[in-house]
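In: coordinates only, sequence not included:
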């Protein structure tokens, strides 16, 4: 077989490879998120270990400072011992206020005390060095580990983004899309009184996002908008006209961005959110006038209108 045939054969095999299903992609996404969570958990555990090592090093330094102070006191006693030795060479200790002790006994006692202090100082100094070395080694390990975790997380997040893009590619093209680019009109249908395109969009939003509050689409009052035509839905991010929490605000941001990104496939006409409107026929967010309230200004819900 020729090299060209091999290449063509490989390309054909790759082209014929079945695309992963949506459930397979979601499974991969869940596995990657679990991996990222584990990396973060490991990283935080290492940070806790580092903090503990730093506390141990601080305690060791405090012990060292006391040992150095004790050693200085011992050094001063050594000076005193040297003075006593000099005096005992030519004087009686009784004259020095120590009538019951021999000079050699005094010197031996002081020398023993000094030896104990010096030994304790050496021990504490060794402990401090061991603690400092351990902390330094752990700092190096944490730095290396942090770099590894950051790199692994970056790789995982890239894979997550790739899978999300693949999931978006699986979003079906809504009915009524014209060859020249436009959308054929649709009549509302069903008990929900909305168009097939609106129904598809609503189902896809529910499929991609964990919605916490109600979704309202058709309403009878004719306010000049898309709701009475069955061509719009409001995805609530709070209840009772209250401002959404930061978490629900972030969810609303994601829903709005998703609708804009996939609007060309679904037939989205415009999106309103947080007193701004994004018209897909003229891309870009534009501010809206103040309508006098949280709900009226679309702070508590994402509005998606369809062609």
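Out: Received the coordinates, thanks. Every value quoted in this text rests on a predicted model; they were computed, and no experiment measured them.
In: Now do the contacts for residue 231.
Out: For residue 231, the set of contacting residues under the criterion of Cβ atoms under 8 Å, 6 or more residues apart in numbering consists of 186, 194-195, 197-198, 269, 305-307. Where C-beta positions appear, they are placed from N, C-alpha and C, glycine not excepted.
In: If we use 6 Å, what do you get?
Out: Residue 231 makes contact with 195, 198, 306, according to Cβ atoms under 6 Å, 6 or more residues apart in numbering.
In: same question, residue 204
Out: Residue 204 makes contact with residue 171, according to Cβ under 6 Å, 6+ apart.
In: how far away is it from residue 299?
Out: Here the criterion is Cβ to Cβ, to the nearest Å. By it, residue 204 lies 24 Å from residue 299.
In: ok, which stretches of this protein are helices?
Out: Taking DSSP state H as the criterion, the chain contains helices spanning 3-16, 22-90, 103-169, 196-208, 246-261, 263-266.
In: mean pLDDT for those: which is lowest?
Out: Between the helices of the chain, the one with the least mean pLDDT is helix 3-16; it has a mean of 47.
In: beta partners of the closest residue to residue 270 other than its chain neighbours?
Out: Using Cβ to Cβ, 6 or more residues apart in numbering and skipping the chain neighbours, the partner closest in space to residue 270 is residue 279 (4.5 Å). Using DSSP bridges, the beta-bridge partners of residue 279 come out as residue 270, residue 282.
In: Any idea how many residues pack against residue 279?
Out: Neighbour count for residue 279, taken as other Cβ atoms under 10 Å: 16.
In: One more: residue 155?
Out: 13.
In: Report the separation between it and residue 141.
Out: Separation of residue 155 from residue 141 (Cβ to Cβ): 21 Å.
In: so what's residue 22 up against?
Out: residue 170.
In: Distance check, the residue positioned nearest the centre of the chain against residue 153.
Out: Relative to the mean C-alpha position of the chain, the nearest C-alpha, by Cα atoms, centre = their mean, is the one of residue 40, at 7.5 Å. In this structure, residue 40 lies at 7 Å from residue 153, with Cβ to Cβ as the measure.
In: go on, residue 53?
Out: Remark: distance between residue 53 and residue 153 (Cβ to Cβ) = 24 Å.
In: Compare these two (neighbour count), which wins?
Out: Neighbour totals were compared for residue 53 and residue 153, and residue 53 leads with 20 against 15 (other Cβ under 10 Å).
In: That one and residue 137 touch, don't they?
Out: No - contact status for residue 53 versus residue 137: not in contact, 8.7 Å apart, counting by Cβ atoms under 6 Å.
In: Can you give the distance of stretch 286-302 from its chain's centre?
Out: Centre-to-centre, stretch 286-302 and its host chain are 31 Å apart (Cα atoms, centre = their mean, to the nearest Å).
In: I misspoke; the intended subject was stretch 292-307.
Out: If you compare the mean C-alpha spot of stretch 292-307 with that of the full chain, they lie 30 Å apart, counting by Cα atoms, centre = their mean.
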